[in-house]
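**Student:** below: sequence and its predicted model.
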Amino acid sequence: MRKKIYTACSHMTAIFLAAALMLTGCGTGAGESSSADSKETQTTEAADTKTEEQQETDTTDAEEADTAEDTESTADSETSYLTDAPDAPEVSGLTCQGKLKLDYAECYDVYYYDDDYQLIDVHDSAQYLLVPEGAEAPEGLDESIIVLQKPLDRIYLAASSTMALFRALDAIDNIKMSGIDASGWYIEEAKQAMEDGKIQFAGKYSEPDYEMLIDQDCDIAIESTMILHTPKVQEMIEDLDIPVFIDRSSYETHPLGRTEWIKLYGAMMDKEEEAYSFFDEQAKVIEDLKDFENTEKTVAFFFVSTDGSIVVRRTKDYIPSMIEIAGGRYVFQDLTNEESNSASVSMSMEEFYATAADADYLVYNATIDSPIQSVDELIAKNDLFSDFKAVQDGNVWCVGKYMYQATDIVGQLITDFHLMLTGGDEKDMTFLTKVN
């Protein structure tokens, strides 16, 4: 396995790069994101007369049979989560065996090749070749394919929504650096790991501590699409020979699509079986919720930006899907984002008022903005809110910051929405709180 060795020259490179970036307006400081069971051998009188040599031969044959059985079992397990891949990208010198079976996720594919190589194709983004430990990237590999050398166990994680998936895989120990400090984590295991010094704060996504990334021998930076707003930072990390992986799970249109990204990270961590087992459990939770009767009550999900504009979710997004599964109707029935592929859509207050004024429920999205503590606080953002039906009926709710990080328990928010729509007990809710 190729190892990156950083000398004093590397440190000076990072320093000069950092200085150059500061001159162009981008910071570089560290501010702010069983083995086989033993078999009982039955013996007979004839067996007792065997010579020591014969016994050794029998033992060897049994061990070889067990090994073959284990190998066959592993192969069967692997093929159980693969499907045919006629669209597999060509990788020099490798033959594709199939690709991961996906039920909901639409934004990626993982192709499996011989000799334990895998290729991750994140649609509309990049392709990444997972190279097994002790192996090298094949000769003639397309230069556009980013090489990820296993094991990936010194991760800088700046995409907060992925931490819950690493927790579900029991792979938090592979994360050594975080783009969020301890106080910003709502996942207890992540917060505790930072407080114990097992994970260090290496600066938020837009201002990473380049020196720390070098000193900690970072082998991959996992970023959210926010990194696309700071391309110079991404370029600088790559200049340090650290591959950047951009998570696009937030672009999934079905709530389970986001959760199904656990299969991608399972491939990264060589924990596919754990990933499939966990995902199947979560899929069953959603399956058990699908029979909710639709109340026909409408819901607006939004927040107010610092410039006064209203930010909502496009219709084909996982949040509106959750509302529909819960038995509600998303107030925007045909809303798209004509400017980009982003799931968020910004509009004027007047545009929002025209559609959402008669909505039965307003749900304030505080995953980005600060939570609102009262209806008066909402009205203070814009007087027009006082005319909204949901405000007058006392049906204003708020979803907290934990929701965005809770990629592993999407069924809980659906349950919350259902309880809200049917007058359920707020005490039984995980993410929603009523705004007085």
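**Tutor:** That came in fine, so what should we check first?
**Student:** in stretch 355-366, what's buried?
**Tutor:** Buried residues in stretch 355-366, counted by 16 or more other CB atoms under 10 Å: 355, 356, 357, 359, 360, 361, 362, 363, 364, 365, 366. The C-beta positions use only the backbone N, C-alpha and C, and glycine is treated the same way.
**Student:** ok, and the closest non-adjacent residue to residue 123?
**Tutor:** Distance criterion CB to CB, 6 or more residues apart in numbering; nearest residue to residue 123, sequence neighbours excluded, is residue 107 at 5.3 Å.
**Student:** assess the claim that that neighbour and residue 246 are in contact.
**Tutor:** No - using CB atoms under 8 Å, residue 107 is not in contact with residue 246; the gap is 10.7 Å.
**Student:** what residues are shared contacts of the two?
**Tutor:** Contact criterion CB atoms under 8 Å, 6 or more residues apart in numbering; residues shared by residue 107 and residue 246: residue 122.
**Student:** okay, those two: which has more neighbours?
**Tutor:** Counted by other CB atoms under 10 Å, residue 107 and residue 246 do not tie: residue 107 has more neighbours, with 23 against 18.
**Student:** quick one, phi/psi of residue 422?
**Tutor:** The phi and psi values for residue 422, taken as degrees, to the nearest 10, are phi -110, psi 10.
**Student:** can you get me a residue count around residue 295?
**Tutor:** Residues lying near residue 295 (other CB under 10 Å) number 15.
**Student:** for it, give me its contacts.
**Tutor:** Applying CB under 8 Å, 6+ apart, one finds that residue 295 lies in contact with 327, 328, 421, 422.
**Student:** rerun that using 6 Å as the cut-off
**Tutor:** Neighbouring residues of residue 295 by CB atoms under 6 Å, 6 or more residues apart in numbering: 327, 421.
**Student:** where does it land in three-state SS?
**Tutor:** Judged by DSSP: H, G, I helix; E, B strand; the rest coil, the three-state class of residue 295 is coil.
**Student:** roughly how far apart are the residue nearest to residue 123 and residue 302?
**Tutor:** Counting by CB to CB, to the nearest Å, the gap from residue 107 to residue 302 is 24 Å.
**Student:** rewinding a little: was I right to think the residue nearest to residue 123 contacts residue 251?
**Tutor:** Yes - using CB atoms under 6 Å, residue 107 is in contact with residue 251, at 5.3 Å.
**Student:** secondary structure class for the most centrally placed residue in the chain?
**Tutor:** Most central in the chain under CA atoms, centre = their mean is residue 162, positioned 3.2 Å from the mean C-alpha point. Secondary structure, three-state DSSP: residue 162 is helix.
**Student:** how many neighbours does residue 226 have?
**Tutor:** Residue 226: 17 neighbours (other CB under 10 Å).
**Student:** name all residues that make contact with the residue lying closest to it once chain neighbours are set aside.
**Tutor:** Once flanking residues are discounted, residue 226 sits nearest to residue 205: 5.5 Å by CB to CB, 6+ apart. Under the criterion of CB under 6 Å, 6+ apart, the neighbours of residue 205 are 33, 158, 179, 223, 226, 227.
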